[in-house]
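# Okay, predicted coordinates and the sequence, questions at the end:
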Amino acid sequence: MNGLTKGNLPHFLIIGVQKGGTTSLYHYLTQHPNIASATEKEVHYFDYNFHKGIDWYRSHFPHCPNDKITGEASPYYMFHPHAAKRIKAAIPSVKLIALLRNPVERTISSYKMMHRRKKEHLSFEQAMQEETSRIRDELPKMLGDPNYFSKEHFYFSYLSRSVYADQLEPYFKRFPREQILILKSEDLFTDPSTVYRKTLKFLNLPLWEPNHYDIMNKGKYKRDIPKETLNYLTEYFRPHNQRLYRMLGVDLGWDR
């Protein structure tokens, strides 16, 4: 595309998850003197803007000198069926960061966000019950047409977006494990400094810390989910969590 200023392709991507703290981590990282920010946190090239082309994507990043890197954070990348293979083809050496949050909490937070934004009009229990019927026909459409954007898949995949083993598998198949950093969202929320330093080490950057670790985009909502619904969600995710723990070789403690 003519008229676009082409910068570097990103050195790192925060690929997910939605409502997992990606905005906060990206904010912390882009304060580092050796990290140059993209024009916006979520460029969404490898999911629903892919048809715009690689030059369009490059236009969102600065030209970086040798002592700087750049990156972006689009949490739909982890869930989008085409993203992993697109990323591998375009930037095979990119470093990938995934923040994983307790799936029960992530599911509730995602629903509350969509309800607050007036995208969701069903009750929480109804939305959980109807998720399968809402999105069942969307994935085949996405697989059949790489440029198809599904609002249902993007907005209403509350439970599905919390099954992390399914989402990580395409990345683990395509990228060496040393290129993928898995972080626990709860650790970011309670001990951001330790998570930040761990991320800098992964990115091979010198130690430097911001003055404050403010939580960004923190949703304010009333915790009004009935106990029986919480118990249902806990049991629903238990086998998926166990599969994830085996995949990662670590128990994240969400089932206790």
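Thanks, I have it.
# Give me the pLDDT for the closest residue to residue 210 other than its chain neighbours.
Nearest non-adjacent residue to residue 210, counting by Cβ to Cβ, 6 or more residues apart in numbering: residue 31, 4.6 Å away. C-beta: built from backbone N, CA, C; applies to glycine. Confidence at residue 31, expressed as pLDDT, is 95.
# Residue 148 too?
97.
# same deal with residue 4?
67.
# tally of neighbours for residue 150?
19 (other Cβ atoms under 10 Å).
# Correction: the previous question concerned residue 47.
What residue 47 shows, counting by other Cβ under 10 Å, is a neighbour count of 22.
# so it makes contact with residue 75?
No. Counting by Cβ atoms under 8 Å, residue 47 does not reach residue 75; the two are 9.7 Å apart.
# any idea how far residue 186 is from residue 195?
10 Å (Cβ to Cβ, to the nearest Å).
# In the stretch 151-256 of the chain, where is pLDDT below threshold?
217-223 (pLDDT under 70).
# Just the local confidence number for residue 36, please.
Value for residue 36, per-residue pLDDT: 96.
# can you give me the helices for the stretch 51-200 of the chain?
For the stretch 51-200 of the chain, applying DSSP state H, counting those that start in this stretch gives helices covering 54-58, 83-90, 103-116, 124-135, 138-144, 151-155, 164-174, 185-190, 192-202.
# Just say which of those is most tucked in.
A comparison of those by mean neighbour count, using mean count of other Cβ atoms under 10 Å, puts helix 103-116 on top with a mean of 20.
# neighbouring contacts of that helix?
Applying Cβ atoms under 8 Å, 6 or more residues apart in numbering, the external contacts of helix 103-116 come out as 17-20, 101, 120-121, 124, 127-128, 155-156, 158-159, 161-164, 185, 219, 221, 223, 225, 230, 233-234, 237, 240-241, 254.
# Weed out the non-buried ones from those residues.
Buried members of those, scored by 16 or more other Cβ atoms under 10 Å, are 17-20, 101, 120, 124, 127-128, 155-156, 158-159, 161-164, 185, 225, 233, 237, 240-241, 254.
# could I get the helices of the stretch 51-200 of the chain as JSON lines with distance to residue 42?
Formatted as JSON lines, the helices of the stretch 51-200 of the chain follow (distance: least, Cβ to Cβ, whole Å):
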{"stretch": "helix 54-58", "distance to residue 42": "13"}
{"stretch": "helix 83-90", "distance to residue 42": "13"}
{"stretch": "helix 103-116", "distance to residue 42": "14"}
{"stretch": "helix 124-135", "distance to residue 42": "21"}
{"stretch": "helix 138-144", "distance to residue 42": "19"}
{"stretch": "helix 151-155", "distance to residue 42": "12"}
{"stretch": "helix 164-174", "distance to residue 42": "17"}
{"stretch": "helix 185-190", "distance to residue 42": "17"}
{"stretch": "helix 192-202", "distance to residue 42": "18"}
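# and of these, who's closest to residue 6?
helix 54-58 (4.1 Å; Cβ to Cβ).
# name the helices or strands packed onto that closest one?
Using 3 or more Cβ pairs under 8 Å, 6 or more residues apart in numbering; DSSP states H and E, no helix or strand is in contact with helix 54-58.
# In stretch 65-83, which residues are buried?
68-80, 82-83.
# now, which of those sits nearest residue 246?
Using Cβ to Cβ, the buried residues of stretch 65-83 come closest to residue 246 at residue 78, 18.7 Å.
# For that closest one, which residues are in contact?
15, 16, 17, 98, 164, 167, 168, 171.
# Which two of those residues have the greatest separation?
The widest separation within those (Cβ to Cβ) is 12.5 Å, between 17 and 171.
# Name the residues contacting each of the two.
Applying Cβ under 8 Å, 6+ apart, one finds that residue 17 and residue 171 are jointly contacted by 78, 98.
# Residue 99: what's its closest spatial neighbour, skipping adjacent residues?
residue 20 (3.9 Å).
# so the one you found touches residue 79, yeah?
No. In this structure, residue 20 is not within contact of residue 79 by Cβ under 8 Å, at 11.5 Å.
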